[in-house]
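In: Sequence and predicted structure, then a few things I'm wondering about:
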There are 2 protein chains.
Amino acid sequence: MATPAPSQPALDEFLSEVRAAVGAQGWSDDPGVLGPHLVDWRGLFRGRTLLLVRPRTTEEVARVVGACARARVPIVPQGGNTGLVGGATPSADGHSILLNLSRLNRVRAVDPLNDTMAVEAGCILADVQKAAAAADRLFPLSLAAEGSCQIGGNLSTNAGGIAVLRYGNARALTLGLEVVLADGRVWDGLRALRKDNTGYDLMQMFIGAEGTLGVITAAVLKLFPRPRETVTALAAVAGLDAAVRLLARLRGQIGDRIASFELMSRFGIDLALRHGLGVVDPLAQRYEDYVLVEIADAASEGGLRARLEQSLAQAMEEGVVRDATIAESETQARRLWHLREAIVEGQRLEGASIKHDIAVPTSRVPAFIARARGLVEAASPGVRVHAFGHLGDGNIHFNLTIPLGMSEDEYRAKEPLLTRIVHDAAADFAGSISAEHGVGQLRREEIKRYKSPLELDLMRRVKAALDPDNIMNPGKVV
Amino acid sequence: MATPAPSQPALDEFLSEVRAAVGAQGWSDDPGVLGPHLVDWRGLFRGRTLLLVRPRTTEEVARVVGACARARVPIVPQGGNTGLVGGATPSADGHSILLNLSRLNRVRAVDPLNDTMAVEAGCILADVQKAAAAADRLFPLSLAAEGSCQIGGNLSTNAGGIAVLRYGNARALTLGLEVVLADGRVWDGLRALRKDNTGYDLMQMFIGAEGTLGVITAAVLKLFPRPRETVTALAAVAGLDAAVRLLARLRGQIGDRIASFELMSRFGIDLALRHGLGVVDPLAQRYEDYVLVEIADAASEGGLRARLEQSLAQAMEEGVVRDATIAESETQARRLWHLREAIVEGQRLEGASIKHDIAVPTSRVPAFIARARGLVEAASPGVRVHAFGHLGDGNIHFNLTIPLGMSEDEYRAKEPLLTRIVHDAAADFAGSISAEHGVGQLRREEIKRYKSPLELDLMRRVKAALDPDNIMNPGKVV
């Protein structure tokens, strides 16, 4: 996948062209400036680059990509650089242009009567949410990195997050795209239509493609009514099967107002408690399995809390729920969500962790966790399973915390084996080995094990059709 | 696009192979049997075929397509044959195989705890709805042809219908596909996952491709909680701007429980009244513009009706709504929906109609209708605009009823001009000339006027990547 370096005079000419395309403020080769852009968020991947460019307009992006296309120089698009699979980190050969979208960050339009907004790729997700709120609308995509990740990256990775159960992934929130293609041409697919059946839905190819088919420069996003009433609850459930049954009960009784349905375990809560993260055990007794439920409604007649209370009470009578608490105030709700965040931070503080981002059909989550737990515990005695996450979407972060007393080197040596076991188990349940994090560099070889040769062939055909010279983020995904 | 006929011996051998692939019950060349399959639902297109085949399994489909691929014989996939653009009608040269999916019609699995079901392409939409209901779930796709259209056709045309506002198009209801590719290989993309970011989302290419990239043989569909409470209302609004404002108000106050928001006009209601379709004028006085609203909730606490009443009362105080009626019973609700259907039947009985399936941003619908109305009335004095449909999605069936006293021949002669005017107006509002009906044969030339050369180039590249020999439904879409 490495590209041969061009000759020095040709390279100088090319770099002059690229610098001219973005202007004096639009590029840098200062190592101090480049540094944070050359390593991924988890520090797993490091790369080098010919030049960091930060175009301010779509036209500037097009000029940069056009120059790269003519010179056959690879381009690595980068948003907020918060990805977890090295998708935005250039390769180590240093032959590529790093195209950072941060300065392409205008909100182009908000249309409350169409429930849409048009934004540029470099808009930070939290700013997109705020612009929607300023128009009395909700943009529901929400995830841990929302204060620094950018919407272009969210779309390029088809981001998930905590409201997928209700609103879908980033793909489901998108109506139109503007994309700079691999040859530098600009495709204006910025439609703001809820229905358009005039041919292939090309937009879909670029969403989730991690910049390997083109550079997303702008998007039309769907907006929703703002919730006026939100109710948050934590329930201890009688096992994982009970958790799935509770979800079905709540969906039947409360419908799509269920925005989040997050699984937590005793082990996770203990991690949060042990590392002094300002949490207390949330219920009077200790239980093994918990779900954090959030329901929200555009209306605000106050009936939501009573309805949830009633559903949980019925579930307790049936033995599905063992105990539960419903937040009485926003402060209490924030405390419950803080617990959900603290289990992740507690895991980090506890030591090395081997992470997996699995999805299986929601109905199969209990069987998957049981099977994978048994296998990893047998393969590495003492390994501590930390399975938590978006149960409502069937998306479990099946993480493995280092056995007590084991050195990190020894544990890391087991990573390939343990990951293989977990991914094979996911495959046995017709699952995904990367539910929301994408492929990038981290899972590029891994997906070849789980996708059929036919599917890989189809992916390569799509890649060849849209980026025949393989200059768009080479070495990622396919 | 016509394919040269193979030599007779080669053709005989090929046909033997195809007949053998599907068995004695799986094919016909009887003109009486073939007849209804060779003409589209509106009678706009007629074709011929080498052979009608009706495979019962995916493997049989694969064998037929494989034989066609080797012999370079075109394949025309056909579901319930209810399409409106000739997408399932073979060409007149008679050189293609007509692949009808009706016998591939099993419900493979229903998983209520995952809110999914796996169905084969030939399942009739109403049967899919029933299978979901039998598991106490809702499959929300609903459209006029649901008693005979098939889910494979619905997915291949990314069908819309009356619940898009709440649930999205067919694309949004699909999690996985099984597809027989143009070379006869079977792609098993039958995932039942709500999250999977392991590469390009290939499924998206086949949805809405009208069978030009492969044959959809099965799908995993999303299910939803069944509504326990449904409220239907009809409101006379103070013009089209008021209709759009009413939608925003209801979305803000009632949220996503609004399943349908349908526009009707005085002219449409008069057509229904005039032709004795068992309807009465729905309100005490006559008004120009009406919306039919349906809201539905998984819960059944009886609060929905009161909430809608209150919202409509507020809208009346503000002059947005002039009068309204809320159905007091299921019978009354059915009567309101019957009116919505009767305006279409009334239009048919009134005489020739030139039909358009337009989408624009919902916020622009009033301006679009005003502009297009002015232009067509100027171009053809006496033409009667019948604009109605899915206002909640920005999808307006902008139909033109023949001027009184004009002959049909004279009117049909004006069709190209009038359609040009309407489509140009849609384009001026960044709209679509085929919101939910697709391209097929009817709009294939027309889309070239409205899509950029770049977009057409991208579509052709996708086509060439997946069907390099152009045997999948040639002459449709691209």
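Out: Ah, there it is.
In: residues contacting the closest residue to A:Glu146 other than its chain neighbours?
Out: The shortest distance from A:Glu146 to any non-neighbouring residue, by Cβ to Cβ, 6 or more residues apart in numbering or on different chains, is to A:Leu125 (4.3 Å). For glycine as for every other residue, the C-beta is placed from the backbone atoms N, C-alpha and C. Each residue near A:Leu125 by Cβ atoms under 8 Å, 6 or more residues apart in numbering or on different chains is listed here: A:Gly80, A:Leu141, A:Ser142, A:Leu143, A:Ala145, A:Glu146, A:Gly147, A:Cys149, A:Gln150, A:Ile151, A:Asn154.
In: If we use 7 Å, what do you get?
Out: Residues in contact with A:Leu125 (Cβ atoms under 7 Å, 6 or more residues apart in numbering or on different chains) are A:Leu141, A:Glu146, A:Cys149, A:Gln150, A:Ile151, A:Asn154.
In: what two of those residues are the furthest from one another?
Out: A:Leu141 and A:Gln150 (11.7 Å; Cβ to Cβ).
In: Okay, the residue nearest to A:Glu146 and A:Asn154: tell me how far apart.
Out: Distance from A:Leu125 to A:Asn154, counting by Cβ to Cβ, to the nearest Å: 6 Å.
In: Quick check: neighbours shared by the two?
Out: A:Leu141.
In: State the three-state secondary structure for A:Ser311.
Out: helix (DSSP: H, G, I helix; E, B strand; the rest coil).
In: Make sure it is actually in contact with A:Gln253.
Out: Yes: using Cβ atoms under 7 Å, A:Ser311 makes contact with A:Gln253 at a distance of 4.9 Å.
In: Which one of these two is surrounded by more residues?
Out: Higher neighbour count among A:Ser311 and A:Gln253: A:Ser311, with 23 against 20, using other Cβ atoms under 10 Å in any protein chain shown.
In: what does the stretch 301-450 of chain A have sitting close to chain B?
Out: A:301, A:303, A:307, A:359, A:361-363, A:393-395, A:430-439, A:447 (Cβ under 7 Å from any Cβ of the partner chain).
In: Report the spatially nearest residue to the residue positioned nearest the centre of chain A, omitting neighbours in sequence.
Out: Closest to where the C-alpha atoms of chain A average out (Cα atoms, centre = their mean) is A:Ala159, at 3.7 Å. The shortest distance from A:Ala159 to any non-neighbouring residue, by Cβ to Cβ, 6+ apart, is to A:Ala170 (4.5 Å).
In: got the contact list for the one you found?
Out: A:Leu141, A:Asn154, A:Leu155, A:Asn158, A:Ala159, A:Ile207.
In: Next one, pLDDT for it please.
Out: For A:Ala170, the model assigns a pLDDT of 98.
In: contacting residues for A:Asp467?
Out: A:Ala182, A:Thr212, A:Leu213.
In: let's see 6 Å
Out: Counting by Cβ atoms under 6 Å, 6 or more residues apart in numbering or on different chains, A:Asp467 touches A:Ala182, A:Leu213.
In: what are the phi and psi values for it?
Out: phi -140, psi 70 (degrees, to the nearest 10).
In: Could you measure from it over to chain B?
Out: 11 Å (Cβ to the nearest Cβ, to the nearest Å).
In: Identify all contacting residues around stretch A:78-88.
Out: Under Cβ under 6 Å, 6+ apart, the answer for stretch A:78-88 is A:40-41, A:44-45, A:100-101, A:145, A:148-150, A:152-153, A:210, A:437-438, A:440-443, A:476.
In: May I have it as PDB, with CA atoms only?
Out: This file holds the C-alpha atoms of stretch A:78-88, laid out as PDB (Å, rounded to 0.1, in the frame of the first residue of the first chain):
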ATOM      1  CA  GLN A  78      -9.000  14.200   9.400                       C
ATOM      2  CA  GLY A  79     -11.700  15.700  11.500                       C
ATOM      3  CA  GLY A  80     -11.400  16.100  15.300                       C
ATOM      4  CA  ASN A  81      -9.000  13.100  15.400                       C
ATOM      5  CA  THR A  82     -11.000  11.300  18.000                       C
ATOM      6  CA  GLY A  83     -11.400   8.000  16.200                       C
ATOM      7  CA  LEU A  84     -10.500   4.700  17.900                       C
ATOM      8  CA  VAL A  85      -9.200   2.700  14.900                       C
ATOM      9  CA  GLY A  86      -6.500   4.900  13.400                       C
ATOM     10  CA  GLY A  87      -8.600   5.900  10.400                       C
ATOM     11  CA  ALA A  88      -7.400   9.500  10.400                       C
END
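In: How far does it sit from its chain's centre?
Out: 10 Å (Cα atoms, centre = their mean, to the nearest Å).
In: and if you look at stretch A:241-258?
Out: 24 Å.
In: and it with chain B, contact?
Out: Yes: judged by Cβ under 6 Å from any Cβ of the partner chain, stretch A:241-258 comes into contact with chain B at A:Val244, A:Ala248, A:Arg251, A:Gly252, A:Gln253, A:Gly255.
In: and if you look at stretch A:133-143?
Out: No: Stretch A:133-143 is not in contact with chain B by Cβ under 6 Å from any Cβ; minimum separation 7.2 Å.
In: Tell me the gap between that stretch and the middle of its chain.
Out: Using Cα atoms, centre = their mean, the offset of stretch A:133-143 from its chain centre is 17 Å.
In: Need the residues that contact it.
Out: A:110, A:112, A:128-129, A:132, A:161-163, A:167, A:170, A:173, A:223-224, A:226.
In: any idea where the helices of the stretch 101-250 of chain A begin and end?
Out: In the stretch 101-250 of chain A, the helices defined using DSSP state H, counting those that start in this stretch lie at A:125-134, A:151-156, A:164-167, A:203-206, A:240-254.
In: Can you give me the buried ones in the first one?
Out: This points to helix A:125-134. A:Leu125, A:Asp127, A:Val128, A:Gln129, A:Ala131, A:Ala132 (16 or more other Cβ atoms under 10 Å in any protein chain shown).
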